[in-house]
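In: build me a model:
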Amino acid sequence: MTNDTTKPADERPRSQGTENSGEERSILSRVSKWLKKPGKPGEEDGQSSSPAAPASGRPEAAPASGEAPRPEGEATSPANGKPRRRKRPPRRRSRTPKPEGSQPEAAAEEGQPAQVQVAQVAAEKPKGAAPARPPRQRPPRKTPERATEAPKPEESRPVAKGDTSLKLLINTDEPEECRLVLLEGGRVESFYVETVSQAQTKGNIYKGKVTAVEASLQAAFVDYGSEKNGFLPFGDIHPEYYATETAADTHWKDLPIQKVLSKGQEVLVEVVKEATGNKGATLTTYLSLPGRYLVLMPGSDSAGISRKIESEEERNKLREMIESVNIPEGIGYIVRTASQEITKTALAQDVRYLLNLWKEIKKKGQTEKAPALLHKEQNIVSRFLRDHFTSEIAEILVDADEALAQVNSFLELLPPAQRKTTIAKLHKGSQPLFHQYHVEKQIEQIYQPNVPLPSGGSIVINPTEALVAIDVNSGRTGKDKSFEDAIFLANMEAAEELSRQLRLRDLGGLIVVDFIDMRDSKHIREVEKKVRDCMKRDKAKVDFSKISKFGLMQISRQKMAAPVAVGSYHICPHCQGRGLVRSVETQALVHIRHIQTGVTRKEIKRVVCRLPMEVAQYLLNKKRQDLLEMEQVHQVEISIIPEATMPPNESKIDFLKE
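Out: Residues are numbered from 1 along each chain as shown. Got it, this is the predicted structure:
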């Protein structure tokens, strides 16, 4: 009788089991069965049944009396008494016999060659047992492709810490221009520039003189030393400048400006809006002195804490700290967002500096003659660090020693909780700072009307004097996508990009965005939410409307300063800002009509036309016959003189009587 060796011991009927249950579960007894090829021709019954021999044939495999049987999967000790490594339970085989020549998987699972295991089994068999036939070898199984497959890019290359941290680049190596760029993952998030020709006056305090009072505008014009007089609205005039006494509860709207303000009156004013185009700067008499942690407001009795500090515990802490600092009566204050986690000493030091600054301004205002500059705002580097520095900025790179010293002195004054790990370095590379970090191309994009989107679409930005128009184009966004999904994707990308462009270009006033029409109301709400979320990073005051049925969204944004292109670009003298120039043919026809109108007058004997080169050549080559007819009919001499240096939009036509 032979045992069924095609099944492991656990799957055979109980009648075929051994007398000892511990031996039946031993790894040693099963290994021999797995290594044997069942049903090989020419094998004797004793050879095929040797793996399942009774316990009497293998006394060393039986457990000692009173000893609990070994658990399944636990290795037994070999005959020489050396401890064996614990092996993993074998994989359960199929009931169907494998064809001859198949390779068992025990060696691969145990991590040992099959020949070594056969030798161990043969050493434990009785001496009279026939040697087992070694199994036929076959090449090792190939590892599945998924085991050797390279990890996915997002798994093998996790986002590095530097990819999301903020980095500040300061370019001040040229005296004519100073530029600051805030990078987030290599992408420009903020850009500030100050040139010699366009120095910032916002925040400066002047002593001015009222030159005109306009009752119809309810405003006054003030000479503060600039080319154009400043515009002072009635609502920005402090009651202490009123010529007549009024009740404390009287609103300025109930008063006529010509009775409370007179021409020639001297006032202290601060610039709150830069002069743009033909408009002068906007002024106010409600002065404010910004510091790092709070803004001091002389002549005001208001006090408050920034709304961006939402923790009530932190707000109460700041109230207690500001109350312990002696601020004179009649001076208001606003605690800034940067005052979180500061110490009482740092807050008191900031208050003391601002109070001393206000004393100096008042002293100059009493002695200087109007118009005069009393206080000049700090340079662009100091302003940015004071107003925009956060502990999230991990690195500051500067390309000038003077600016580096300025940055280090600022960092030393910060509390440790705000400074944390911010490092200031001097750039010493062979390439310019902005070129090394691929910033120049991104800056040039700021001045272009077209801004590409990641999926192939684009937005077109057209600033006008009254508003800013932004148009969204889908472009190639719809490739391999449904119509509605492509439109939704283009609008979502445009919502994120337009908020960034408004910050970079500093566009303010009324902004109208023409989104692509969407049919799904859920998509419309998602785009509106995306615009609101992205605009939260903007320090300017922003208001939104919902997307109308025509796909238009209105945004009102506070204008923080003059547009970034004002200091770096001038209006084109050829097109006068339109971006278009007349064609040569059109200009030639315009000049012919002008000549024809002039020669009809009496006593005109000669016409001298100095025209651009291309226009003159067109008239001489294409309109020669028309010129000859005019000369014969009106008895005049027409001379066409080409001017190679004359711009295409200019011309000079003289009608001579001699």
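In: all contacts plus neighbour counts: C-alpha atoms, from now on.
Out: Noted.
In: what mean pLDDT does stretch 347-362 get?
Out: Throughout stretch 347-362, pLDDT has a mean value of 91.
In: now do stretch 409-418
Out: Averaged across stretch 409-418, the pLDDT comes to 82.
In: and that stretch, which residues are buried?
Out: Within stretch 409-418, the residues that count as buried by 16 or more other Cα atoms under 10 Å are 411, 418.
In: what comes into contact with it?
Out: Contacts to stretch 409-418, defined as Cα atoms under 8 Å, 6 or more residues apart in numbering, come from residues 341, 342, 343, 346, 385, 390, 391, 419.
In: pull out the buried members of those.
Out: Buried members of the contacts of stretch 409-418, counted by 16+ other Cα under 10 Å: 342, 346, 419.
In: got phi/psi on the most centrally placed residue in the chain?
Out: Geometric centre of the chain, nearest residue: residue 189, 4.8 Å, by Cα atoms, centre = their mean. Note on residue 189: backbone dihedrals following degrees, to the nearest 10 are phi -110, psi -30.
In: can you give me the distance of it to residue 516?
Out: Plainly put, residue 189 is 25 Å away from residue 516 if you go by Cα to Cα, to the nearest Å.
In: can you list the domain ranges for the chain.
Out: 9-124, 163-196+381-436, 205-379, 450-557, 584-656 (automatic domain parsing).
In: residue 578 is nearest to which of those?
Out: Distances from residue 578 to each of those were compared using Cα to Cα; the minimum, 10.7 Å, belongs to domain 450-557.
In: okay, how far is it across the closest one, tip to tip?
Out: 21 Å.
In: could you do stretch 418-427 as well?
Out: 24 Å.
In: that older thread, gap between the residue nearest to the centre of the chain and residue 534?
Out: Distance, residue 189 to residue 534, by Cα to Cα: 12 Å.
In: on that earlier part again, can you put the buried ones among the contacts of stretch 409-418 in a markdown table and add secondary structure?
Out: Compiled in a markdown table, the buried ones among the contacts of stretch 409-418 are given as follows (DSSP: H, G, I helix; E, B strand; the rest coil):
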| residue | secondary structure |
| --- | --- |
| 342 | coil |
| 346 | helix |
| 419 | helix |
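In: ok, those residues vs residue 632, which is closest?
Out: Closest to residue 632 out of the buried ones among the contacts of stretch 409-418 is residue 419 (86.1 Å), distances taken as Cα to Cα.
In: phi and psi next, for the closest residue to that closest one other than its chain neighbours.
Out: By the measure of Cα to Cα, 6 or more residues apart in numbering, the closest residue to residue 419 outside its immediate chain neighbours is residue 391, 5.9 Å from it. Torsion angles at residue 391 (phi, psi; degrees, to the nearest 10) stand at phi -70, psi -10.
In: state the distance from residue 391 to residue 179.
Out: 21 Å.
In: same question, residue 615
Out: Distance from residue 615 to residue 179, counting by Cα to Cα: 42 Å.
In: who has more neighbours out of those two?
Out: The residue with more neighbours, out of residue 615 and residue 179, is residue 615; 23 against 18, by other Cα atoms under 10 Å.
In: the residue nearest to residue 419 reaches residue 385, doesn't it?
Out: No: counting by Cα atoms under 8 Å, residue 391 sits too far from residue 385 to count as a contact (11.1 Å).
In: contact partners for residue 451?
Out: With Cα under 8 Å, 6+ apart, residue 451 has these contacts: 445, 458, 459, 460.
In: chain neighbours aside, what residue packs nearest to the third one?
Out: It refers to residue 459. In space, residue 459 is closest to residue 472, 4.6 Å off (Cα to Cα, 6+ apart).
In: the one you found: which element?
Out: Element membership for residue 472 (DSSP states H and E) is strand 467-473.
In: what sits up against that strand?
Out: With Cα under 8 Å, 6+ apart as the test, strand 467-473 has contacts from 457-463, 490-491, 494, 507-516.
In: and those residues, which of them are buried?
Out: Buried, going by 16+ other Cα under 10 Å: 457-461, 490-491, 494, 507-508, 510-516, out of the contacts of strand 467-473.
In: just these: which are in strands?
Out: With strands taken from DSSP state E, the overlap with the buried ones among the contacts of strand 467-473 comprises 458, 459, 460, 461, 510, 511, 512, 513, 514.
In: good, we can wrap up now.
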